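Colleague: Could you work out the structure for the sequence below:
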Amino acid sequence: MPGYATSADVLEHMNKALLRSEVSKYGHALGLPALREAYASSLNSNVSKNHVAITAGCNQAFYVAAMSLCAPGDNVILPLPWYFNHKMTLDMLGVETKPLQCDPQNQLLPDPTEAAKLIDKQTRAIVLISPNNPTGQVYPPELINQFYQLACDSGIPLIVDETYCDFRLQNEQPAHQIFEHPDWQQHAIHLYSFSKSYALAGYRVGALVGSEPLLREVTKVIDCLAICAPQLSQHAALFGLTNAAQWKKEKRKLMYQRADAFRTAINEGEHGYSLAAIGAYFAYVKHPHNDSTSTRVAKCLADEANILCLPGDMFGPDQESYLRVAFANVSEEKMPEIARRLTEFTV
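Modeller: A predicted model of the protein is given here:
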């Protein structure tokens, strides 16, 4: 989550909104109409508020999508390494995860040709995360569009989790062209996190964008899980969406300055660690300790070098050689210190 606080303007708006009686009452299961309208407008003219559901964070958005699409015994394709909450959600629902191996020689980008080989009669969705968690990799628009075409050809939805999309360096350019298709809602589901973009992580506010028939099912699930996303959080998200564009732009620039500083520190250090991928928020780092598990390396780094990262084996099988580093919460001037500690550290 962001290490900085949300903007002062958003906080001031929240303070005022807190005094309004409606924020303590139930809202519509799909969220504030004004927020749904504003978010739809921010995406594309082919998206309306009737395609938008506001959720209690992006994790809930994925959960309600999976519950709405899948039954026990179905399967969903996840690129490997995967985001562990996606995998845990599918496990809890009795849905099989089909791993789509991402080749380190191809910058850990998923291959739509390989994905096509995994689709069978029980496949209910293909999932992408871009910018990726855990690798940070930003998928090229043409790659996402290829996956969308695969979904159309296969008659299944493509779920694109874009939690970190506002931290892409080229954010002014569309991340993909999915919403330009008039019938995009037939084969695409978009997930989003206001929590990350506006530093509202603890307030739990995200979004799911999909077809109206899907949202009818989503409404049932949200009503049973939380009834509605927190009202105060939705007011904060609406204000941020309509008033904090410059603040968000500055934070995006900050994230890329930190990414560049981390990239330089790792590439210039003599420690044996190397970058498998880096992008928005995260770096996926290959460690040199071939005789140790990623869990042991991560624990030793925390205990002995005061560097906190996550072991690769949290993100699926065959990830023992990797660590996920969230560089976004570390200031630029501290990046050389990370490299120095890695150089001195031994397992």
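Colleague: any low-confidence regions in the stretch 1-150 of the chain?
Modeller: Under the criterion pLDDT under 70, no range of the stretch 1-150 of the chain is flagged.
Colleague: Mind doing that once more with 80?
Modeller: Scanning the stretch 1-150 of the chain for pLDDT under 80 picks out 1-2.
Colleague: hey, where'd the strands end up in it?
Modeller: 52-55, 75-80, 96-101, 123-129 (DSSP state E, counting those that start in this stretch).
Colleague: and those as TSV, adding mean neighbour count and distance to L241?
Modeller: Where C-beta positions appear, they are placed from N, C-alpha and C, glycine not excepted. Shown next, in TSV, are the strands of the stretch 1-150 of the chain (neighbours: other Cβ atoms under 10 Å; distance: least, Cβ to Cβ, whole Å):
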stretch	mean neighbour count	distance to L241
strand 52-55	28	11
strand 75-80	24	29
strand 96-101	18	32
strand 123-129	23	22
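Colleague: Any chance of those strands in JSON lines with distance to W184 as columns?
Modeller: Converted to JSON lines, these look like this (distance: least, Cβ to Cβ, whole Å):
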{"stretch": "strand 52-55", "distance to W184": "13"}
{"stretch": "strand 75-80", "distance to W184": "19"}
{"stretch": "strand 96-101", "distance to W184": "22"}
{"stretch": "strand 123-129", "distance to W184": "15"}
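Colleague: wait, which of the ones you listed is closest to T242?
Modeller: Of all the strands of the stretch 1-150 of the chain, it is strand 52-55 that lies closest to T242, at 14.7 Å by Cβ to Cβ.
Colleague: which parts of the helix or strand containing N267 are buried?
Modeller: Secondary-structure assignment from DSSP states H and E places N267 in helix 245-268. By neighbour count on 16 or more other Cβ atoms under 10 Å, the buried set for helix 245-268 is W247, K248, K251, R252, L254, M255, R258, A259, A261, F262, A265, I266.
Colleague: what's the closest of those residues to L35?
Modeller: K248 (16.0 Å).
Colleague: That closest one contacts F167, doesn't it?
Modeller: No - using Cβ atoms under 8 Å, K248 is not in contact with F167; the gap is 9.2 Å.
Colleague: What is the end-to-end distance of stretch 59-77?
Modeller: 17 Å (Cα to Cα, to the nearest Å).
Colleague: Let me fix that, I meant to ask about stretch 168-175.
Modeller: End-to-end span of stretch 168-175 (Cα to Cα): 9 Å.
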